[in-house]
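Colleague: Need a 3D model of the sequence below.
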Amino acid sequence: MRDRANLQVTRRKMRDRSIALVLVGIVALLPPVAGMALIDGTVAGIPIPVLYVFIVWTALIVGAAALAPALQEQDETGTPGGSDETER
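Modeller: Numbers count the residues shown, from 1 in each chain. This next block holds a predicted model:
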């Protein structure tokens with residue numbers, strides 16, 4: 001019974017992390033539209049708003065790549081971490 005409760009908590013944590021990644025991405029991409037688009041300046045010839053959007057985009061891709069294997073294992077086996085446990 002205790003293993004089943006731990007399994008459910010782990011599944012919820014993984015789901016919450018993936019939802020948090022989406023929400024952080026939405027919030028992080030709102031400032032360039034609202035305020036940073038007004039900043040004049042460049043870094044290495046790249047406008048600051050464009051640089052910011054690509055940095056956030058890259059961070060979101062890295063975050064999704066870090067979460068994907070655990071989520072895929074959970075979907076394939078029904079358990080996080082890839083172990084096959086039978087429910088009683």
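Colleague: Now residue 64: closest residue in space that isn't a chain neighbour?
Modeller: Counting by C-beta to C-beta, 6 or more residues apart in numbering, residue 64 lies nearest to residue 21, which is 6.5 Å off, once chain neighbours are set aside. Just so you know, the C-beta spots here come from the backbone N, C-alpha and C atoms, and that holds for glycine as well.
Colleague: quick one: that neighbour and residue 62 touch, right?
Modeller: No. In this structure, residue 21 is not within contact of residue 62 by C-beta atoms under 8 Å, at 10.2 Å.
Colleague: Of these two, which one has the most company?
Modeller: More crowded of residue 21 and residue 62, by other C-beta atoms under 10 Å: residue 21, with 16 against 10.
Colleague: Mean pLDDT per helix and strand in the protein: which one sits at the bottom?
Modeller: helix 2-34 (a mean of 81; mean pLDDT, DSSP states H and E).
Colleague: Quickly run through the sheet partners of the helix or strand following it, with directions.
Modeller: Going down the chain from helix 2-34, the next helix or strand is strand 42-43, by DSSP states H and E. Partners of strand 42-43 in the sheet, by DSSP bridges, are strand 46-47 (antiparallel).
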